[in-house]
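Q: need a 3D model of the following:
(one chain, ligands or ions: 2)
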Amino acid sequence: MENFVFQNTTKIIFGKGTENNVGNEVKKLGKNILLHYGGGSIKETGLYNKVVNSLKEAGLNFIELGGVQPNPRLSLVYEGIELCRENDIDFILAVGGGSVIDSAKAIAAGVPYQGDVWDFYTHRAVVEEALPIGVVLTIAAAGSESSPGSVITKEEGNLKRDCLSDLLRPKFAILNPELTYTLPAYQTACGAADIMAHVLERYFTHTEDVDFTDRMLEAALKTVIKHTPIALDDPENYGARAQIMWAGTVAHGDLLGTGRVQDWASHNIEHELSGFYDVAHGAGLAVVFPAWMKYVYKENLARFAQYAVRVWDVEADFFDLEGLALEGIRRTEEFFSSIGLPVTLEELGIPDDKLELMAEMCTERGPLGNFKKLYKEDVMNIFKLAM
Ligand code: NZQ
Ligand code: ZN
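A: Ligands and ions are numbered 1, 2, ... in the order given. Sure, this is the predicted structure:
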């Protein structure tokens, strides 16, 4: 096992009706609030009214900025920074999914910074100060509600890039599984694929003596694999929604990656797809991850065989090590298909004319991943396996 420091400081408030108390949570941290949200789902579901009432009851001043698009854009971040400065905002409340939260984080980092907030995403500068943020989560997926990451798309050049800082970790996250009942089936499935990908990025490692985290990662995968079809079939099944939601937060909240070298190549490759073509991140991962697996599994057959046996219950007696590895990959792909996700670039609607450019762009800062170091040619080979 590797040395590690673990400190996830996000306060998790989980369960039915918890959003109704958001005003009191915010009051502990700020006075002038920016309420940040997406394209309107929170107005349709009635969540907007609940949050606004709770903020008013707590006696808080607030202004709002809606309109965050999936794959959140830099232009709205700039608008948010100006708005916060003009109105002396000292706290940002993100109500929505990963896109809203990531946009809120970018604004939070940008307000006290004299330069261009995009510097944090090109790694020209590190975040040294940020406004505090809180979250009311409406989709189990990105894990941004307790992660230090923010992923923003700069429209000019289709650059989707990330920034990591513990200062961006939300102070609290309200997780009411009932708020996910209204998700379109496709978004529920995309969320499941993203959660699974966050687990798999950690699972595929060469680090030895990590049984404890292996078992936790396998538990997260098995939970999502079991409960996603239930939630798709019965969207208001509280038990299934609750387990997916908690698994989603834990999957990307650092605990499961402790003591192990992690990979993250598939995420970097996917960010090119969603940066260029505006596809849902989870759908992109359902295409990239199985292709990545097919390309790298020989680097550690035993680990891939363990994944097949423990996560997919593949009968060890029926296959040799390579057969087990391939069967685990096949079942991963089959699962993504079964929940309505694309598993090829064609199904995702991505033509082949920019593959070379995307492979170039995602490796321009050096090779991707750790399980196998991937250069431009490797990424091209993965794209070919995804066709
Ligand atoms: O915009 P609204 O109207 O709210 O609609 C959203 C959006 O269209 C809708 N939605 C969300 N909750 C809903 C709902 N519709 C009905 N009922 C509800 N309860 O779902 C759509 C997708 O929302 P989005 O926020 O984009 O989803 P997600 O949470 O999957 O976030 C994806 C973004 O997170 C980034 C991704 O790259 C992508 O940009 N990620 C962020 C990470 C992080 N910060 O740690 C890590 C991840 O790996 C990921 O890269
Ligand atoms: Zn992800």
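Q: contacts, neighbours, all on C-alpha from now
A: OK.
Q: can you point out the buried residues in stretch 113-132?
A: Tyr113, Val117, Trp118, Phe120, Tyr121, Val127, Ala130, Leu131, Pro132 (16 or more other Cα atoms under 10 Å).
Q: list the contacts of that stretch.
A: Residues outside stretch 113-132 that contact it (Cα atoms under 8 Å, 6 or more residues apart in numbering): 29, 74, 90-92, 106, 108-112, 152, 161-163, 165, 167-168, 170-171.
Q: now that stretch, how far from the chain's geometric center?
A: 21 Å (Cα atoms, centre = their mean, to the nearest Å).
Q: now do the end-to-end distance for that stretch.
A: One end of stretch 113-132 sits 14 Å from the other (Cα to Cα, to the nearest Å).
Q: dihedrals phi and psi, Val314?
A: Note on Val314: its backbone torsions stand at phi -70, psi 130 [degrees, to the nearest 10].
Q: what does the domain assignment say about this protein?
A: Per the record's domain assignment (automatic domain parsing), the chain is made up of the domains 11-179, 185-385.
Q: wait, which of those is closest to ligand 1?
A: domain 11-179 (3.3 Å; Cα to the nearest ligand atom).
Q: show me which residues of the stretch 251-387 of the chain are close to ligand 1?
A: Contacts of the stretch 251-387 of the chain with ligand 1, taken as Cα under 6 Å from any ligand atom, map to His281.
Q: helices of the stretch 251-387 of the chain, start to end?
A: Applying DSSP state H, counting those that start in this stretch to the stretch 251-387 of the chain gives helices spanning 265-277, 281-296, 301-312, 321-338, 345-348, 355-362, 376-385.
Q: now those helices in JSON lines, please, with extra columns for mean pLDDT and mean neighbour count.
A: Shown next, in JSON lines, are the helices of the stretch 251-387 of the chain (pLDDT from 0 to 100; neighbours: other Cα atoms under 10 Å):
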{"stretch": "helix 265-277", "mean pLDDT": "97", "mean neighbour count": "23"}
{"stretch": "helix 281-296", "mean pLDDT": "98", "mean neighbour count": "25"}
{"stretch": "helix 301-312", "mean pLDDT": "98", "mean neighbour count": "20"}
{"stretch": "helix 321-338", "mean pLDDT": "98", "mean neighbour count": "19"}
{"stretch": "helix 345-348", "mean pLDDT": "98", "mean neighbour count": "17"}
{"stretch": "helix 355-362", "mean pLDDT": "97", "mean neighbour count": "18"}
{"stretch": "helix 376-385", "mean pLDDT": "98", "mean neighbour count": "19"}
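Q: Gly157 is nearest to which of those?
A: Comparison of the helices of the stretch 251-387 of the chain against Gly157 by Cα to Cα identifies helix 265-277 as nearest, at 8.4 Å.
Q: quick check: angle from that closest one to helix 355-362?
A: 120 degrees (axes from the mean of the first three to the mean of the last three Cα atoms, to 10 degrees).
Q: ok, now which ones touch Gly98?
A: Residues near Gly98 by Cα under 8 Å, 6+ apart: Ile139, Ala141, Ala142, Gly143, Ser144, Glu145.
Q: show me the contacts for the fourth one.
A: What that stands for is Gly143. Here Gly143 is in contact with Gly98, Ile195, Gly248, Thr249, Val250, Ala251, His252, Gly253 (Cα under 8 Å, 6+ apart).
Q: go again with 10 Å.
A: Going by Cα atoms under 10 Å, 6 or more residues apart in numbering, Gly143 touches 97-98, 101, 137, 149, 191, 194-195, 198, 245-253.
Q: fine by me, we can end here.
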